[in-house]
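J.: Structure, please.
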Amino acid sequence: SDVCSSDLITQKEITVTVNALPEFTIEGKTEICNKEEVNLSVKTNDNTLYSYEWTNNSGTNISDSESISEKPNSSTIYRVNVKNNTTTCSQTKTLNITVNPLPILRIEQENAACVGNTVNLIASGADFSYKWLKESKDESGDNQNTISIPITAQSAEDTIVYVVGENQKGCIDTISYSLTKLEKPVITISGINDRCVGDGEKTIVLSGATKYTWTSEGNYVGNTFTEKLTSDKTYTVKVESGECMADTTFKVKVNNLPNVYITAENGLSKTDTTICLNDEINLVATATNCEYKWNTLETTNMIPAKATSLIAQKYNVIATDKTTKCSNKAEYVVNVNPLPNVQIQVDELAYCKDTKVELNANEIYNSYLWSADGNTKGSNKTIKYTLDKTTKFRLDVVDNNKCKNFDTIEIVAKDYPIFAVNAPAVCYDKYPTLSVDKNNSTADYYIWPDGTNNNSSWTASTSLKEEISYKVTASKNGCTVEKNVKVPLFNLPKISFE
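T.: You can find the predicted model right below:
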């Protein structure tokens with residue numbers, strides 16, 4: 001029988017290849033100590049080309065290499081995904097890394113490190129073993145948590161001792177301890193030691209010990225006493241600090257105050273001087289073997305005093321003897337004269353070029369010095385100057401107090417206008433027209449022969465019967481220029497009859 005082609009069935013075979021997952025192991029330590037580095041690597045059994053992806057607890061990709069090196073702060077699970085680059089088959093494995101804490105070590109000192117003592121140090125915090133080191137040398141056997149160190153006069157000022165402690169997990173840490181040698185107590189005296197003439201009661205505080213026993217006569221309690229002296233006095237006290245003891249003797253001396261005074265470089269007065277406003281003068285403090293402190297905070301013997309206002313300025317300096325530390329004070333007054341109120345007087349601030357300008361000082365002064373653009377132009381109260389360009393004038397004056405001041409003024413030289421007028425020729429008995437050549441003119445406006453003004457053109461009101469010149473005036477910023485403009489006349493044609 002007949003069948004359709006679509007009724008035919010075609011069969012084909014398909015082969016499915018199942019590739020094996022990568023076979024590998026993770027090699028490396030699974031337990032470490034804090035701050036220790038763990039090295040993990042992937043080991044495979046063939047030479048197939050693989051790619052790697054390492055992640056940590058949070059899923060962060062930390063490496064795409066075959067191995068990693070990490071310093072985890074706490075126990076961490078590491079995952080590695082290994083993919084066969086040929087078959088793209090991959091497998092993920094994990095490794096849990098346990099991070100053990102380090103021993104928390106402490107060192108305690110039993111007694112003071114006074115010269116002549118033996119100091120005992122006790123270590124704690126490790127539950128397996130201890131090892132002491134001093135200057136990188138072994139000072140004791142293992143598993144000894146104490147060490148004894150003798151303190152002699154030849155001992156270093158600071159001795160660094162180390163202890164290495166190990167806990168049951170095998171974690172090791174090292175700490176150091178600085179052992180400072182203590183001499184017999186050395187007493188320091190704060191407050192005022194030596195006294196100065198005129199001092200009242202002063203408090204002296206001793207420090208450097210924990211117990212004070214006075215052997216001098218007087219009512220003294222502890223490390224502090226208050227007393228007024230009129231002459232030198234010697235004190236003796238026995239002091240103790242821990243296991244260290246010493247006797248201390250000190251003397252309080254009553255010293256004279258330094259003799260200090262101030263002078264100015266422009267005179268010999270030790271009380272005051274006078275300068276002009278804005279001027280500066282040096283003040284000099286004089287005393288023997290002293291340091292200085294001014295009310296302006298300078299610490300040199302000479303300071304600048306500048307008159308910034310008309311108010312008299314008071315200066316004072318405290319001179320302190322470098323040896324006795326006694327201080328004395330000196331004062332000085334700087335009076336101030338005002339500057340002359342000089343002004344340049346002139347009628348206008350702008351003139352046409354080549355105008356002779358008169359400039360005057362507003363008052364009478366001892367001296368005058370005029371300059372124009374930096375060039376000296378006179379020494380009188382008044383000057384006259386022909387203005388050929390915009391010029392800056394300066395007037396310096398000196399008054400009866402020898403105070404100086406100046407004033408400046410700039411006078412603008414205005415240019416005359418440039419202009420051109422078109423005057424085309426006309427026929428006989430016609431009305432001429434003049435017009436401005438705006439391409440060659442700078443004037444603001446023009447005055448035409450009949451007195452009218454505009455800036456465009458003008459036509460005569462009478463016809464032209466002969467050649468004539470018209471006067472045209474151009475003006476700019478008040479400066480005017482006149483020109484005579486001639487209008488050419490065409491002759492009439494001559495007619496003849498034949």
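J.: Quickly note the distance from Trp54 to Gly28.
T.: 12 Å (CB to CB, to the nearest Å). Using the backbone N, CA and C atoms, a C-beta is placed for each residue, glycine as well.
J.: so what sits against both of those two?
T.: Here Trp54 and Gly28 have Leu40 as joint contacts, going by CB atoms under 8 Å, 6 or more residues apart in numbering.
J.: what about Leu268, neighbour count?
T.: The number of residues packed near Leu268 is 7, by other CB atoms under 10 Å.
J.: Could you do Leu464 as well?
T.: 19.
J.: ditto for Ala319
T.: Residues within reach of Ala319, counting by other CB under 10 Å, total 26.
J.: correct me, but it touches Ala330?
T.: Yes: using CB atoms under 8 Å, Ala319 is in contact with Ala330, at 7.2 Å.
J.: can you list residues touching both of those two?
T.: Common neighbours of Ala319 and Ala330 (CB under 8 Å, 6+ apart) are 260, 285.
J.: still on that earlier bit, which one of Trp54 and Gly28 is surrounded by more residues?
T.: Set Trp54 next to Gly28 and count neighbours by other CB under 10 Å: Trp54 wins out with 21 against 17.
J.: Show me which residues of whichever strand or helix holds the more buried one are buried.
T.: If you go by DSSP states H and E, Trp54 is part of strand 50-55. For strand 50-55, the neighbour count (16 or more other CB atoms under 10 Å) marks 50, 52-55 as buried.
J.: Centre of the chain to that strand, how far?
T.: Remark: strand 50-55 is offset 51 Å from the chain centroid, using CA atoms, centre = their mean, to the nearest Å.
J.: What are the contacting residues of that strand?
T.: 22, 24, 40, 42, 44, 61-66, 68, 78-85.
J.: Does anything pack onto the helix or strand containing Lys131? Which helices or strands?
T.: Taking DSSP H and E as the criterion, Lys131 maps to strand 129-134. Packing partners of strand 129-134 (3 or more CB pairs under 8 Å, 6 or more residues apart in numbering; DSSP states H and E): strand 158-166.
J.: How many residues are close by Val426?
T.: 18.
J.: brain fart, Cys352
T.: Cys352: 16 neighbours (other CB under 10 Å).
J.: got the contact list for it?
T.: Applying CB under 8 Å, 6+ apart, the residues contacting Cys352 are 413-414, 416, 478-479.
J.: can we see that at 6 Å?
T.: 414, 479 (CB atoms under 6 Å, 6 or more residues apart in numbering).
J.: and if you look at Ser379?
T.: Taking CB under 6 Å, 6+ apart, one finds 368-369 in contact with Ser379.
J.: Tell me how far it lies from Ser367.
T.: In terms of CB to CB, Ser379 sits 7 Å off from Ser367.
J.: Then Glu466?
T.: Where Ser367 is concerned, Glu466 sits at a distance of 66 Å (CB to CB).
J.: Looking at those two, which is more packed in?
T.: The neighbour count for Glu466 versus Ser367, taken as other CB under 10 Å, is higher for Ser367 (11 against 6).
J.: Beta-bridge partners for that one, please?
T.: Val398 (DSSP bridges).
J.: Quick check: the gap between it and Asn375.
T.: Ser367 is 18 Å from Asn375, by CB to CB.
J.: swap in Glu37?
T.: For Glu37 relative to Asn375 (CB to CB), the value is 83 Å.
J.: Phi first, then psi, for the closest residue to Lys83 other than its chain neighbours.
T.: Leaving aside its chain neighbours, Lys83 sits nearest to Ser90 (3.7 Å; criterion: CB to CB, 6 or more residues apart in numbering). Torsion angles at Ser90 (phi, psi; degrees, to the nearest 10) stand at phi -140, psi 160.
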